[in-house]
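Asker: For reference, the sequence and a predicted model appear below.
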Amino acid sequence: MKTSKGLIIGVTMGCMALSSGALADPETDYRSLVMQISKSHFKAIEGILSGVVAHPETLHRHAKGLQVNTEILPHLYDPYMKNRQKSGQPTMDNITFFKAVEESQDAMAKLTATATKFVEARSHVKKGASDTTEVKQAFDKVKSKCMACHTDLAD
Ligand code: HEC
């Protein structure tokens, strides 16, 4: 697990680096692990939609994996606040954070629904079954919602 890499989290007050490595403990590692699982699904979807890898028939599974693992998001607030306050860094207020959680989860639910529809259409060889436009749009929406809290999700 990459715990040494700084995670950039942007909040309304600007962009800051959050280094989970410096704060590593089993609980922090666990939260990071779960979010990294989400990110792996995120990367898989990105790879498939950009055509770098094949397997469009797995899009719905990755969408679901992304969605279910980010169910941990509401539980990140307290440790996030504790860590930031300890190091004197600015924080996102409660309402903004939970609104961002809700909006990202709505976007992921929509992505799962869209990807499921796409994969079902493919397997039944329906008209338009290779058209990923809708899935791409739903994924772009998810990305923009992650960016409510992160400024950089690159490796
Ligand atoms: C509401 C704010 C918020 C949203 C929305 C959000 N995150 Fe996060 N994310 C966090 C916080 C806070 C942490 C740090 C958790 C900790 O330190 O315990 C985190 C941690 C992570 C990590 C772990 C980094 C590490 O320490 O290894 C990854 C990966 C990640 N998020 C990806 C995503 C992706 C992908 C999305 C969109 C699907 C997303 N996040 C949406 C707040 C958010």
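Answerer: Okay, I see it.

Asker: For the rest of this, base every contact and every neighbour count on C-alpha atoms.
Answerer: OK.

Asker: Helix or strand for the closest residue in space to residue 145 that isn't next to it in sequence, just tell me which one.
Answerer: In this structure, residue 145 finds its nearest non-sequential neighbour in residue 104, 4.9 Å apart by C-alpha to C-alpha, 6 or more residues apart in numbering. According to DSSP states H and E, residue 104 maps onto helix 94-123.

Asker: For that helix, give the mean pLDDT please.
Answerer: Helix 94-123 shows a mean pLDDT of 95.

Asker: right, is the next helix or strand after that helix up against the ligand?
Answerer: Later in the chain than helix 94-123, the nearest helix or strand by DSSP H and E is helix 133-146. Yes. Helix 133-146 comes into contact with the ligand (C-alpha under 6 Å from any ligand atom), by way of 142, 145, 146.

Asker: got the residues you listed as a markdown table, with neighbour count and pLDDT columns?
Answerer: Shown next, in a markdown table, are these (neighbours: other C-alpha atoms under 10 Å; pLDDT from 0 to 100):
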| residue | neighbour count | pLDDT |
| --- | --- | --- |
| 142 | 21 | 98 |
| 145 | 20 | 97 |
| 146 | 19 | 96 |
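
Asker: about what we covered before: tell me which other helices or strands the helix holding residue 104 touches.
Answerer: helix 59-69, helix 133-146 (3 or more C-alpha pairs under 8 Å, 6 or more residues apart in numbering; DSSP states H and E).

Asker: roughly how far apart are the residue in the chain positioned nearest to the ligand and residue 113?
Answerer: In the chain, the residue found nearest to the ligand is residue 146; the distance is 3.6 Å by C-alpha to the nearest ligand atom. Distance of residue 146 to residue 113, computed by C-alpha to C-alpha, to the nearest Å: 18 Å.

Asker: Flag the helix or strand of this structure with the lowest per-element mean pLDDT.
Answerer: Least confident helix or strand, the chain: strand 14-19 with a mean of 37, by mean pLDDT, DSSP states H and E.

Asker: Just after that one, pick out the following helix or strand.
Answerer: Per DSSP H and E, the first helix or strand lying C-terminal to strand 14-19 is helix 26-49.

Asker: Next, see if that following helix gets close to the ligand.
Answerer: Yes. Part of helix 26-49 sits near the ligand under the criterion C-alpha under 6 Å from any ligand atom, namely 28, 31, 32, 35, 36, 38, 39.

Asker: Drop anything exposed from these.
Answerer: By neighbour count, with 16 or more other C-alpha atoms under 10 Å, the residues of helix 26-49 next to the ligand hold 28, 32, 35, 36, 38, 39 as buried.
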